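Colleague: Coordinates only, no sequence provided:
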C-alpha cells in the first residue's frame, strides 16, 4: 500500500475512477492536473477541483505547460488540425494524438513525487486505447518505470500504477458506477454536465456506456489517452 | 548518420561541444533550448542563440517550462535553497540537482522530434556527473530510449545520442578547443564572458580546465547535468 501517492487527474472518467481506486489504497493523496493547451481546458480544470474537493485532497498541483501546444501535431491543441472520429477498430493514429504526451506528464509527476516524497504515481491509462495512442501501452509504462529507477536519486522509490489499464471502457463505466454508489453516494463522476472533451472522445465514451448496458445520463465523456 | 537531428543546447560548454559533433554528423540540425526558471536563464539563452547563429540553424525552439521551478527542490531554481559546492568525490546529491530534469527535457525533445520527423536527439550528458546527478548515467539514457521506442508511433524512429557521456571534463575542454580551432576559427565557445552558471558549476569547470592543462581564458563555466 502506498501511503503517499500522486494521482494524475485530468477530470475525465478514467482519472475519476483511478482516483477512487487510489483513495482506497492510500493514506494521503496528492492530485496533479496538467493542462497543455487542449481545447477543453477550463472544464477539465473545474472537474479536477471538484474531484479533489470531494476527496478532501489538499495537495494539488495545477501545471500549465505550453510546449505541447507550441510543438503542435495534434487536433487537441491545434485548431488547424481537424478532429477526426476515433476508431478503435482502426490501426491509424487519430489526429487527437498528442506526441509523447504521457511521457511529458509522467516526467512532471516524477519530479513532483521526488520533491514531496510520494512513492506511487497513479495514471488512468487504458490499453484499449493503445492502437490509437502508443503511450497507453503497458510496455510504455514498464519502460518509463525503468527510466524512473535509473534517473532518480538512489533513495527515491517511485512506482507507476495503472489500475485500469486492462479494463474495457464498459468495465470502467461499471467500476465508476459501483465506486460512486458505495464510496460516494452523494457525489457522482457524472455530475458535471459539460465534461465533453471533443467529438472523437464522445464516440468512445458512448461505446463504453453502450457496452456496459447502462445509459449515459448526461452524454458524459472522458479525455481518453491521458487516463480520463 | 542522422539526417535531421535535434540538439538540446543549454548554451554551456558541454552542449556547445555536442552541437559541434552533431554538426559533423548531420545534414540538418534543429536546436532546442529549455529554460526552467534557473537563475542563469538570460545568459544561457543568449549563448544558445549565438551557437545557433554560428551554425546557421534555422529551426530553433525555445521552450520555457515553469513547472520545475514551481515544483522546486533545487538550488538552481529555488532561491531559498543555498547553492553548495559540487564535489565529484562525494556521493551526496548536490543541491543543484533538479529532480528528474533530463527526463522532462528529453520528453519535450521527443515530442518535437516526432512532429518534425527528426530521427536523432543529441544531449551533452556527462557520466562523470553521475554520482551527483542520476539522470546523467548511461543506464538512464538506455531506459529512456526504450520509453521512446514503446511510447511513440510505430513508424517513428528516434535515437538518443550522448556523444560526450564517457569523456572527462578535461577531454571535453580539449575537444572544445580542437573543434573550435578546426571547424570554427572565428568563433569560440569561450567568447561569452558571462556564462557563469553558479558557484557549484564554476568549481567543476575550473577542474576541467586544470585537468586539461590549459588555462580558462575567461573563467568560462558550463551548466553541468544538462549537458552544458
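Modeller: Nice, I can see it. Keep in mind the model is a prediction, meaning the values are calculated, not measured.

Colleague: going forward, measure contacts between C-alpha atoms and count neighbours the same way
Modeller: Fine.

Colleague: Point out where chain A drops to low pLDDT.
Modeller: For chain A, applying pLDDT under 70 flags the ranges A:1-2, A:79, A:83-92, A:130-131, A:180-228.

Colleague: Could you give the bridge partners of the residue lying closest to residue A:58 once chain neighbours are set aside?
Modeller: Residue nearest to residue A:58 in three dimensions, not counting chain neighbours: residue A:30, with 7.2 Å by C-alpha to C-alpha, 6 or more residues apart in numbering or on different chains. Bridge pairing for residue A:30 (DSSP bridges) gives the partners residue A:6, residue A:59.

Colleague: next one: residue A:63
Modeller: residue A:34.

Colleague: State whether it and residue B:69 are indeed in contact, as I suppose.
Modeller: No - contact criterion C-alpha atoms under 8 Å: residue A:63 and residue B:69 do not qualify, at 11.1 Å.

Colleague: Please name the residues that touch residue A:147.
Modeller: Taking C-alpha atoms under 8 Å, 6 or more residues apart in numbering or on different chains as the criterion, residue A:147 is in contact with B:140, B:141, B:143, B:144, B:147.

Colleague: Look up how far residue A:55 lies from the residue nearest to residue A:58.
Modeller: Counting by C-alpha to C-alpha, to the nearest Å, the gap from residue A:30 to residue A:55 is 10 Å.

Colleague: what about the two, which has more around it?
Modeller: residue A:30 (21 against 14; other C-alpha atoms under 10 Å in any protein chain shown).

Colleague: Looks like residue A:37 contacts residue A:69 (just checking).
Modeller: Yes - between residue A:37 and residue A:69 there is a contact at 5.5 Å, judged by C-alpha under 8 Å.

Colleague: what residues do these two have in common as contacts?
Modeller: residue A:77.

Colleague: Could you measure from the residue nearest to residue A:58 over to residue A:54?
Modeller: Distance, residue A:30 to residue A:54, by C-alpha to C-alpha: 13 Å.

Colleague: Likewise for residue A:66?
Modeller: The value you get for residue A:66 to residue A:54, if C-alpha to C-alpha is used, is 28 Å.

Colleague: nearest spatial neighbour of the residue of chain A most remote from its centre, skipping sequence neighbours?
Modeller: What lies farthest from the middle of chain A is residue A:154; by C-alpha atoms, centre = their mean that is 28.4 Å. Using C-alpha to C-alpha, 6+ apart and skipping the chain neighbours, the partner closest in space to residue A:154 is residue B:134 (7.9 Å).

Colleague: Would you mind confirming that the one you found makes contact with residue A:148?
Modeller: No - counting by C-alpha under 8 Å, residue A:148 is not a contact partner of residue B:134; they are 9.9 Å apart.

Colleague: And the strands in chain A, which stretches?
Modeller: A:4-8, A:28-35, A:59-64, A:120-122, A:159-161 (DSSP state E).

Colleague: Please spell out which residues along the second one are buried.
Modeller: Neighbour-count burial for strand A:28-35, counted by 16 or more other C-alpha atoms under 10 Å in any protein chain shown, picks out A:28, A:29, A:30, A:31, A:32, A:33, A:34, A:35.

Colleague: Distance to residue A:102 added to those, as JSON lines?
Modeller: Putting the buried residues of strand A:28-35 into JSON lines (distance: C-alpha to C-alpha, whole Å) gives the following:
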{"residue": "A:28", "distance to residue A:102": "23"}
{"residue": "A:29", "distance to residue A:102": "20"}
{"residue": "A:30", "distance to residue A:102": "18"}
{"residue": "A:31", "distance to residue A:102": "16"}
{"residue": "A:32", "distance to residue A:102": "13"}
{"residue": "A:33", "distance to residue A:102": "12"}
{"residue": "A:34", "distance to residue A:102": "10"}
{"residue": "A:35", "distance to residue A:102": "12"}
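
Colleague: quick one on the thing from earlier: nearest to residue B:20, of the strands of chain A?
Modeller: Evaluated over those, closeness to residue B:20 peaks at strand A:59-64, with 33.8 Å, by C-alpha to C-alpha.

Colleague: what's that closest one in contact with?
Modeller: A:29, A:30, A:31, A:32, A:33, A:34, A:35, A:36, A:37, A:52, B:67.

Colleague: what about the third one, distance to residue A:121?
Modeller: Here the distance between residue A:31 and residue A:121 works out to 10 Å (C-alpha to C-alpha).

Colleague: Overlap of the contact sets of those two?
Modeller: With C-alpha under 8 Å, 6+ apart as the test, residue A:31 and residue A:121 both reach A:6, A:7, A:8.

Colleague: follow-up on the earlier one: identify the residues contacting the residue nearest to residue A:154.
Modeller: A:150, A:151, A:152, A:153, A:154, B:140.

Colleague: State the number of residues packed around residue A:109.
Modeller: Residues near residue A:109, counting by other C-alpha under 10 Å, number 29.

Colleague: shouldn't it be in contact with residue A:32?
Modeller: Yes - using C-alpha under 8 Å, residue A:109 is in contact with residue A:32, at 7.3 Å.

Colleague: re the thing from before, so which of residue A:66 and residue A:54 has more stuff around it?
Modeller: residue A:66 (17 against 13).

Colleague: Quick one: residues contacting the more buried one.
Modeller: A:36, A:37, B:65.

Colleague: For the residue lying closest to the first one once chain neighbours are set aside, list the residues it contacts.
Modeller: Think residue A:36. Nearest non-adjacent residue to residue A:36, counting by C-alpha to C-alpha, 6+ apart: residue A:65, 4.9 Å away. Contacts for residue A:65 (C-alpha under 8 Å, 6+ apart) come out as A:34, A:35, A:36, A:37, B:65, B:66, B:67.

Colleague: Let me know the closest of those residues to residue B:19.
Modeller: residue B:65 (22.2 Å).

Colleague: From residue A:68, how far out is the closest one?
Modeller: Residue B:65 is 11 Å from residue A:68, by C-alpha to C-alpha.

Colleague: What of residue A:98?
Modeller: Distance from residue A:98 to residue A:68, by C-alpha to C-alpha: 7 Å.

Colleague: got any residues that touch both of the two?
Modeller: With C-alpha under 8 Å, 6+ apart, residue A:98 and residue A:68 have common neighbours residue A:77.

Colleague: need the residues of chain A near chain B, please.
Modeller: Contact residues (C-alpha under 8 Å from any C-alpha of the partner chain) of chain A with chain B: A:63-68, A:71-73, A:93, A:99-101, A:103-104, A:107-108, A:110-112, A:114-115, A:133-137, A:139-141, A:143-144, A:146-147, A:150-154.
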